[in-house]
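>>> pasting the structure only:
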(Lines give C-alpha, C1' and ligand atoms only; values in the text may rest on other atoms or scores of the structure.)
Protein backbone atom coordinates (compact mmCIF):
# COMPACT_ATOMS: atom_id res chain seq x y z
CA UNK A 1 0.00 0.00 0.00
CA UNK A 2 1.27 3.45 -0.94
CA UNK A 3 0.68 6.74 0.91
CA UNK A 4 1.23 9.94 -1.05
CA UNK A 5 0.39 13.53 -0.15
CA UNK A 6 0.34 16.86 -1.99
CA UNK A 7 0.18 20.11 0.01
CA UNK A 8 -0.52 23.11 -2.16
CA UNK A 9 -1.37 26.80 -1.80
CA UNK A 10 -0.95 29.89 -3.99
CA UNK A 11 2.76 30.12 -3.19
CA UNK A 12 3.79 26.61 -4.19
CA UNK A 13 3.44 22.95 -3.37
CA UNK A 14 5.14 20.13 -1.49
CA UNK A 15 4.84 16.37 -2.10
CA UNK A 16 5.62 13.39 0.13
CA UNK A 17 5.41 9.60 -0.19
CA UNK A 18 6.41 6.44 1.61
CA UNK A 19 9.06 4.10 0.15
CA UNK A 20 7.46 0.72 0.93
CA UNK A 21 7.42 -2.08 -1.66
CA UNK A 22 4.95 -4.97 -1.72
CA UNK A 23 6.74 -8.27 -2.28
CA UNK A 24 5.43 -11.80 -2.57
CA UNK A 25 8.22 -13.33 -0.47
CA UNK A 26 7.89 -11.10 2.59
CA UNK A 27 5.16 -10.16 5.08
CA UNK A 28 7.03 -6.97 5.98
CA UNK A 29 7.49 -4.61 3.05
CA UNK A 30 11.03 -3.33 2.46
CA UNK A 31 11.50 0.42 2.21
CA UNK A 32 13.66 1.30 -0.76
CA UNK A 33 11.34 2.31 -3.62
CA UNK A 34 11.70 5.82 -4.99
CA UNK A 35 8.25 7.24 -5.75
CA UNK A 36 8.96 10.99 -6.01
CA UNK A 37 10.70 12.76 -8.87
CA UNK A 38 11.26 16.37 -9.88
CA UNK A 39 12.32 17.82 -13.19
CA UNK A 40 15.35 20.12 -13.11
CA UNK A 41 15.19 23.82 -13.94
CA UNK A 42 13.71 25.49 -15.89
CA UNK A 43 10.88 22.99 -15.27
CA UNK A 44 8.84 23.44 -12.09
CA UNK A 45 7.28 19.99 -12.24
CA UNK A 46 7.05 17.24 -9.58
CA UNK A 47 5.94 13.67 -10.25
CA UNK A 48 4.65 10.91 -7.94
CA UNK A 49 4.25 7.24 -8.84
CA UNK A 50 2.37 4.33 -7.37
CA UNK A 51 1.18 0.82 -8.25
CA UNK A 52 3.45 -0.70 -10.91
CA UNK A 53 6.80 1.03 -11.34
CA UNK A 54 7.22 -0.14 -14.93
CA UNK A 55 5.54 0.51 -18.26
CA UNK A 56 5.98 -2.42 -20.65
CA UNK A 57 8.89 -3.65 -18.49
CA UNK A 58 10.69 -0.27 -18.74
CA UNK A 59 11.24 1.35 -15.29
CA UNK A 60 9.21 4.57 -15.03
CA UNK A 61 12.25 6.30 -13.52
CA UNK A 62 14.14 5.59 -16.78
CA UNK A 63 11.23 6.93 -18.84
CA UNK A 64 11.09 10.14 -16.79
CA UNK A 65 14.84 10.69 -17.12
CA UNK A 66 14.69 10.25 -20.90
CA UNK A 67 11.65 12.52 -21.15
CA UNK A 68 13.41 15.23 -19.16
CA UNK A 69 16.46 15.05 -21.44
CA UNK A 70 14.16 15.92 -24.35
CA UNK A 71 12.76 18.92 -22.44
CA UNK A 72 15.98 20.20 -20.89
CA UNK A 73 16.19 23.67 -22.52
CA UNK A 74 12.77 25.30 -22.53
CA UNK A 75 9.92 25.24 -20.02
CA UNK A 76 6.43 24.76 -21.42
CA UNK A 77 4.04 27.68 -21.07
CA UNK A 78 1.32 26.03 -19.02
CA UNK A 79 1.02 23.08 -16.66
CA UNK A 80 -1.61 21.38 -18.85
CA UNK A 81 0.95 21.45 -21.69
CA UNK A 82 3.22 19.18 -19.62
CA UNK A 83 0.44 16.65 -19.06
CA UNK A 84 -0.51 16.59 -22.76
CA UNK A 85 3.10 16.49 -23.89
CA UNK A 86 4.06 13.62 -21.56
CA UNK A 87 1.07 11.50 -22.65
CA UNK A 88 1.96 12.18 -26.29
CA UNK A 89 5.58 11.26 -25.61
CA UNK A 90 4.57 7.89 -24.14
CA UNK A 91 2.19 7.12 -26.98
CA UNK A 92 4.69 7.92 -29.73
CA UNK A 93 7.81 6.36 -28.21
CA UNK A 94 8.31 2.96 -29.87
CA UNK A 95 11.17 2.10 -27.52
CA UNK A 96 8.71 2.16 -24.60
CA UNK A 97 5.47 0.84 -26.05
CA UNK A 98 6.93 -1.37 -28.78
CA UNK A 99 4.77 -2.00 -31.83
CA UNK A 100 5.98 -5.49 -32.72
CA UNK A 101 3.53 -8.33 -32.08
CA UNK A 102 6.19 -10.29 -30.20
CA UNK A 103 6.73 -7.37 -27.82
CA UNK A 104 2.99 -7.08 -27.21
CA UNK A 105 2.68 -10.81 -26.52
CA UNK A 106 5.62 -10.72 -24.11
CA UNK A 107 4.29 -7.65 -22.29
CA UNK A 108 0.84 -9.23 -21.96
CA UNK A 109 2.33 -12.47 -20.62
CA UNK A 110 4.37 -10.57 -18.02
CA UNK A 111 1.27 -8.65 -16.92
CA UNK A 112 -0.75 -11.86 -16.70
CA UNK A 113 1.88 -13.64 -14.59
CA UNK A 114 2.22 -10.65 -12.26
CA UNK A 115 -1.54 -10.60 -11.86
CA UNK A 116 -1.72 -14.34 -11.10
CA UNK A 117 0.93 -13.95 -8.42
CA UNK A 118 -1.08 -11.12 -6.80
CA UNK A 119 -4.28 -13.15 -7.20
CA UNK A 120 -2.79 -16.08 -5.29
CA UNK A 121 -1.75 -13.78 -2.43
CA UNK A 122 -5.16 -12.08 -2.44
CA UNK A 123 -7.05 -15.38 -2.30
CA UNK A 124 -4.88 -16.78 0.48
CA UNK A 125 -5.15 -13.59 2.57
CA UNK A 126 -8.95 -13.44 2.21
CA UNK A 127 -9.55 -17.16 2.66
CA UNK A 128 -10.60 -18.26 6.13
CA UNK A 129 -11.56 -21.79 7.00
CA UNK A 130 -13.77 -21.93 10.13
CA UNK A 131 -11.97 -25.09 11.27
CA UNK A 132 -8.53 -23.56 10.54
CA UNK A 133 -7.90 -26.57 8.36
CA UNK A 134 -5.82 -25.66 5.31
CA UNK A 135 -6.52 -28.19 2.58
CA UNK A 136 -6.98 -28.32 -1.15
CA UNK A 137 -10.75 -28.84 -1.10
CA UNK A 138 -11.61 -25.93 1.19
CA UNK A 139 -9.35 -23.37 -0.47
CA UNK A 140 -10.51 -24.36 -3.99
CA UNK A 141 -14.14 -24.00 -2.90
CA UNK A 142 -13.41 -20.50 -1.63
CA UNK A 143 -11.35 -19.73 -4.74
CA UNK A 144 -14.23 -20.79 -7.01
CA UNK A 145 -16.62 -18.31 -5.35
CA UNK A 146 -13.92 -15.64 -5.37
CA UNK A 147 -13.27 -16.03 -9.11
CA UNK A 148 -17.00 -16.19 -9.91
CA UNK A 149 -17.50 -12.78 -8.26
CA UNK A 150 -14.67 -11.24 -10.28
CA UNK A 151 -15.94 -12.80 -13.52
CA UNK A 152 -19.50 -11.57 -12.86
CA UNK A 153 -18.22 -8.04 -12.27
CA UNK A 154 -16.16 -8.09 -15.46
CA UNK A 155 -19.07 -9.42 -17.52
CA UNK A 156 -20.94 -6.22 -16.62
CA UNK A 157 -18.00 -4.01 -17.65
CA UNK A 158 -17.82 -2.28 -21.05
CA UNK A 159 -15.63 -3.83 -23.75
CA UNK A 160 -12.32 -2.31 -24.76
CA UNK A 161 -12.40 -0.95 -28.33
CA UNK A 162 -9.09 -2.66 -29.16
CA UNK A 163 -10.59 -6.13 -28.66
CA UNK A 164 -13.97 -5.93 -30.39
CA UNK A 165 -12.76 -7.74 -33.52
CA UNK A 166 -13.82 -11.42 -33.57
CA UNK A 167 -10.50 -12.69 -34.96
CA UNK A 168 -8.53 -10.75 -32.34
CA UNK A 169 -10.61 -12.33 -29.57
CA UNK A 170 -10.15 -15.82 -30.98
CA UNK A 171 -6.39 -15.35 -31.12
CA UNK A 172 -6.41 -14.06 -27.56
CA UNK A 173 -8.29 -17.14 -26.36
CA UNK A 174 -5.70 -19.39 -28.01
CA UNK A 175 -2.85 -17.46 -26.36
CA UNK A 176 -4.47 -17.77 -22.94
CA UNK A 177 -5.17 -21.49 -23.35
CA UNK A 178 -1.50 -22.00 -24.25
CA UNK A 179 -0.50 -20.92 -20.74
CA UNK A 180 0.61 -24.14 -19.08
CA UNK A 181 -1.70 -25.11 -16.20
CA UNK A 182 1.21 -26.43 -14.11
CA UNK A 183 2.97 -23.09 -14.49
CA UNK A 184 -0.21 -21.31 -13.37
CA UNK A 185 -0.27 -23.48 -10.25
CA UNK A 186 3.35 -22.51 -9.51
CA UNK A 187 2.67 -18.80 -9.96
CA UNK A 188 -0.45 -18.85 -7.77
CA UNK A 189 1.54 -20.75 -5.13
CA UNK A 190 -1.59 -22.53 -3.85
CA UNK A 191 -2.58 -26.19 -4.07
CA UNK A 192 -2.67 -27.90 -7.51
CA UNK A 193 -5.91 -26.73 -9.09
CA UNK A 194 -8.65 -28.68 -10.82
CA UNK A 195 -9.42 -28.39 -14.55
CA UNK A 196 -12.58 -26.49 -13.63
CA UNK A 197 -10.54 -23.94 -11.67
CA UNK A 198 -8.04 -23.54 -14.50
CA UNK A 199 -10.95 -22.85 -16.88
CA UNK A 200 -12.16 -20.08 -14.57
CA UNK A 201 -8.69 -18.52 -14.47
CA UNK A 202 -8.46 -18.61 -18.27
CA UNK A 203 -11.90 -16.97 -18.45
CA UNK A 204 -10.85 -14.31 -15.95
CA UNK A 205 -7.65 -13.48 -17.89
CA UNK A 206 -9.66 -13.26 -21.11
CA UNK A 207 -12.23 -10.87 -19.65
CA UNK A 208 -9.57 -8.74 -17.98
CA UNK A 209 -7.94 -8.23 -21.38
CA UNK A 210 -11.01 -7.45 -23.52
CA UNK A 211 -12.76 -5.25 -20.94
CA UNK A 212 -12.07 -1.68 -19.80
CA UNK A 213 -10.34 -2.97 -16.72
CA UNK A 214 -6.87 -2.25 -15.34
CA UNK A 215 -6.46 -4.90 -12.65
CA UNK A 216 -4.02 -6.78 -14.88
CA UNK A 217 -1.52 -4.08 -14.11
CA UNK A 218 -1.28 -0.31 -14.32
CA UNK A 219 1.00 2.55 -13.39
CA UNK A 220 -0.38 5.69 -11.77
CA UNK A 221 1.56 8.89 -12.50
CA UNK A 222 0.59 12.10 -10.68
CA UNK A 223 2.05 15.33 -12.08
CA UNK A 224 1.97 18.66 -10.22
CA UNK A 225 3.61 22.06 -10.67
CA UNK A 226 3.79 25.20 -12.84
CA UNK A 227 4.21 26.11 -16.46
CA UNK A 228 6.31 29.21 -17.17
CA UNK A 229 3.15 31.34 -17.62
CA UNK A 230 1.12 29.85 -14.75
CA UNK A 231 0.53 32.03 -11.69
CA UNK A 232 -0.49 29.23 -9.32
CA UNK A 233 0.53 25.56 -9.09
CA UNK A 234 -1.81 22.95 -10.47
CA UNK A 235 -2.64 19.26 -10.14
CA UNK A 236 -4.76 17.41 -12.75
CA UNK A 237 -8.35 16.86 -11.68
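Perfect, thanks for sending it. Treat the numbers as computed from the prediction; the structure is a model and nothing was measured.
>>> Name the helix or strand of the protein that has the lowest mean pLDDT.
Within the chain, confidence by mean pLDDT, DSSP states H and E is lowest for helix 94-97 among all helices and strands, at a mean of 64.
>>> What ranges does this structure have for its strands?
Taking DSSP state E, the strands of the chain run over residues 4-9, 12-17, 36-38, 44-51, 54-55, 58-59, 219-226.
>>> among those, which is nearest residue 213?
Closest approach to residue 213 among the strands of the chain (C-beta to C-beta): strand 44-51, 14.0 Å. Heads up, the C-betas are built off the backbone N, CA and C, glycines and all.
>>> quick one, helices of this structure?
Counting by DSSP state H, the segments of the chain that form helices are 60-70, 79-92, 94-97, 101-126, 136-155, 166-177, 181-188, 195-210.
>>> so which of these comes closest to residue 39?
Per C-beta to C-beta, nearest to residue 39 of the helices of the chain: helix 60-70, 5.2 Å.
>>> about what we covered before: same list (the strands of the chain) but as TSV, adding distance to residue 65 and mean neighbour count.
Supplementary listing: the strands of the chain in TSV, determined by distance: least, C-beta to C-beta, whole Å; neighbours: other C-beta atoms under 10 Å:
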stretch	distance to residue 65	mean neighbour count
strand 4-9	20	12
strand 12-17	18	15
strand 36-38	9	16
strand 44-51	11	19
strand 54-55	13	18
strand 58-59	9	14
strand 219-226	14	18
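>>> which stretch in those strands is the model least sure about?
Mean pLDDT values for those show the minimum at strand 54-55, a mean of 70.
>>> Make sure residue 236 is actually in contact with residue 220.
No. The pair residue 236 / residue 220 is not scored as a contact, 11.5 Å apart, by C-beta atoms under 8 Å.
>>> Save the strands of the chain as CSV, and put in distance to residue 157 too.
Below are the strands of the chain laid out as CSV (distance: least, C-beta to C-beta, whole Å):
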stretch, distance to residue 157
strand 4-9, 27
strand 12-17, 30
strand 36-38, 32
strand 44-51, 19
strand 54-55, 23
strand 58-59, 28
strand 219-226, 19
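>>> Tell me which of those strands lies nearest to residue 136.
strand 44-51 (31.9 Å).
>>> Specify the angle between the closest one and strand 4-9 in degrees.
Regarding strand 44-51 and strand 4-9, their directions subtend 150 degrees when assessed with axes from the mean of the first three to the mean of the last three C-alpha atoms, to 10 degrees.
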